[in-house]
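[1] just need the structure, nothing else, for what follows:
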Amino acid sequence: MSSDKSLILLAQGYWLTLDEQLSKLTIAEVAQQEETYLAYAWLHKHENNIWHQLPQTTTLKWLHAIVTTDFATIAAHKTNINKVSITENPLAYIIGQIALANFEQAQGNRQQAENIYSALSQHPHLGQWRALALLLIAEQSSAHIWAGHLSYALVTYRQLISFNEQHQHPIMGVGQVGSAYIHILRNELQIANDLLNAATQAVERGGLQHLRFYILLQKANLAMYAQEYPTAHEWLATLHHELIPIGEAQNRRPILLAMHAKSAFLAGELEVAWYWLEQIDISNYLATGYDAIVPAIYALVAFYSGEHTLGTQLITTLIQDDRSQRRISHLIWHLAIYATGLALQHKTDEALQQLTSALGYAKHERYIRGFLNCGSAMFSLLQEANARGIEPIQTRTLLKAFDVNNKIDNPLTPREHEILCLVQQGKSNRVIATELVLALSTVKRHIMNIYQKLDVHNRTQAILRGQELGIL
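    Residues are numbered from 1 along each chain as shown. A predicted model of the protein is given here:
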């Protein structure tokens with residue numbers, strides 16, 4: 001199998017997808033060439049039983065050490081890694097240097113790791129292997145995103161974009177999609193949109209077709225954040241239809257359902273959000289935090305709906321997994337959701353404790369979007385944090401972002417505001433339920449949410465507070 005083919009396979013491995021041709025080969029056929037079995041190992045990076053069946057070469061051990069963060073093995077091989085010649089074995093050289101950079105990063109020598117990556121990506125003798133070097137560095141950039149080092153990851157993605165601008169190669173679009181994700185986390189939405197448009201063009205010119213899933217998913221997110229909810233649902237519907245021919249629609253269904261629920265939640269339609277979430281078997285997520293987007297959105301909607309036990313069980317499982325795996329980007333959002341849930345239960349001090357932890361992780365890398373996604377209860381909690389002098393620069397930045405992006409002058413959802421207006425008219429819960437064609441329990445839940453958001457305890461106080469805010 002050609003070197004170029006191996007590069008394509010490794011590129012597809014970056015997105016954890018299997019190349020059709022390679023997946024049809026037997027282990028014996030794969031093991032005939034180093035380039036091929038290393039690509040195969042990368043594609044099956046989390047399947048130890050496959051790794052053990054491949055030739056146990058030194059280069060494979062280095063690759064395995066990268067995947068498993070086995071820094072002791074890397075340390076033991078440092079001398080041998082530094083002896084590898086790029087002209088004699090470019091693949092071993094690339095993998096060895098990335099292993100060294102990982103080791104330095106783990107030791108806290110961030111600048112040394114960056115120097116290794118920079119020297120590798122610009123090495124004058126890489127030739128056709130430069131794309132692979134950049135790709136594997138980008139894979140590490142993805143790891144740096146989860147570790148919370150957005151600026152570090154962004155530099156590498158920009159190197160990959162620069163390479164793509166000079167060469168037609170199957171990895172076109174990877175850098176743009178990775179960069180777009182970082183800018184979305186920072187709420188730099190126009191920059192993210194431009195990058196996703198560039199990624200779309202790269203795919204159309206021959207880049208990885210599997211990038212379409214990530215492009216469309218982030219396009220849906222951007223539409224939600226612009227409050228263009230019908231457009232978001234259109235992107236998700238397009239994504240669903242594109243997944244059907246490749247047999248992925250069923251596997252990805254929970255994520256798509258959760259994204260529909262997220263859009264409904266941001267639009268203030270909790271009942272619609274539940275419609276989507278009830279189609280997911282959430283019991284699969286109670287013991288582990290895999291596919292974090294599904295249980296995270298489920299927990300957020302559960303908290304706002306008064307299902308605090310379920311919300312707490314889901315979000316604390318995610319937080320535990322995040323801490324053990326050092327997934328800081330996820331941890332920030334999950335801590336923010338937990339803080340929101342505690343605030344909705346009127347546990348203000350505990351909520352502020354979780355919020356302070358989230359802000360501590362987020363402050364050096366300009367994380368914004370995850371807080372905005374937590375809705376009006378987070379807005380109120382940030383106001384309280386600001387009043388108490390907790391991380392004042394961050395809280396003011398986030399409060400401003402709420403005003404600009406979510407336009408929260410009225411802390412209530414449209415449905416909650418409608419119910420508050422009927423309360424002002426002196427109508428009982430039962431009458432409101434009849435007029436709005438809602439279950440009585442749903443009206444009661446909305447009333448409790450109104451009390452929490454307005455920080456009041458009865459109907460009279462809610463009406464007075466609404467008048468003070470100018471929403472009645």
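
[2] okay, which residue is most central for the chain?
    With distances taken as Cα atoms, centre = their mean, residue 330 lies nearest the centre of the chain, 6.5 Å away.

[3] just list the residues touching that residue, thanks.
    Going by Cβ atoms under 8 Å, 6 or more residues apart in numbering, residue 330 touches 146, 292, 296, 318, 322. All C-beta atoms are positioned from the backbone trio N, CA, C, and that covers glycine.

[4] could you grab the helix/strand/coil label for the fourth one?
    This means residue 318. Following DSSP: H, G, I helix; E, B strand; the rest coil, the label given to residue 318 is helix.

[5] picking that back up, mind putting the contacts of residue 330 into CSV with neighbour count?
    Output for the contacts of residue 330, formatted as CSV (neighbours: other Cβ atoms under 10 Å):
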residue, neighbour count
146, 16
292, 20
296, 24
318, 26
322, 22
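
[6] just these: which has the poorest pLDDT?
    Minimum pLDDT for the contacts of residue 330 is recorded at residue 146 (71).

[7] and that one, its phi and psi?
    phi -60, psi -30 (degrees, to the nearest 10).

[8] wait, it sits on residue 333?
    No. The criterion here is Cβ atoms under 8 Å, and residue 146 misses it with residue 333 at 11.8 Å.

[9] only the buried residues of the helix or strand containing residue 250, if you could.
    Element membership of residue 250, judged by DSSP states H and E, is helix 249-266. The neighbour-count check on helix 249-266 (16 or more other Cβ atoms under 10 Å) flags 252, 254-266 as buried.

[10] ok, stretch 440-455 next?
    Neighbour-count burial for stretch 440-455 flags 442-443, 445-447, 449-454 (criterion: 16+ other Cβ under 10 Å).

[11] single out whichever of the buried residues of helix 249-266 has the smallest pLDDT.
    Of all these, residue 252 carries the smallest pLDDT score, 82.

[12] burial check on the closest residue in space to that one that isn't next to it in sequence, number of neighbours?
    Distances taken as Cβ to Cβ, 6 or more residues apart in numbering place residue 243 nearest to residue 252, at 5.5 Å, with adjacent residues excluded. Residue 243: 19 surrounding residues under other Cβ atoms under 10 Å.

[13] residue 332 now?
    When neighbours are counted by other Cβ under 10 Å, residue 332 registers 25.

[14] host element of it?
    Assigned by DSSP H and E, residue 332 belongs to helix 328-344.

[15] same deal with residue 102?
    Using DSSP H and E, the element containing residue 102 is helix 90-106.

[16] ranges for the helices of the stretch 301-450 of the chain?
    Under the criterion DSSP state H, counting those that start in this stretch, the stretch 301-450 of the chain contains helices at 308-325, 328-344, 348-362, 369-372, 376-387, 392-401, 414-424, 429-436, 440-454.

[17] if I look at residue 342, how far off is residue 348?
    Counting by Cβ to Cβ, to the nearest Å, the gap from residue 342 to residue 348 is 8 Å.

[18] ok, residue 357 touching residue 338?
    No. Residue 357 is beyond contact range of residue 338, at 9.2 Å (criterion: Cβ under 8 Å).

[19] same drill for these two, tell me which one is more crowded.
    residue 338 (28 against 17).

[20] pretty sure the more buried one is touching residue 320, no?
    No. Between residue 338 and residue 320 there is no contact under Cβ under 8 Å: 11.2 Å.
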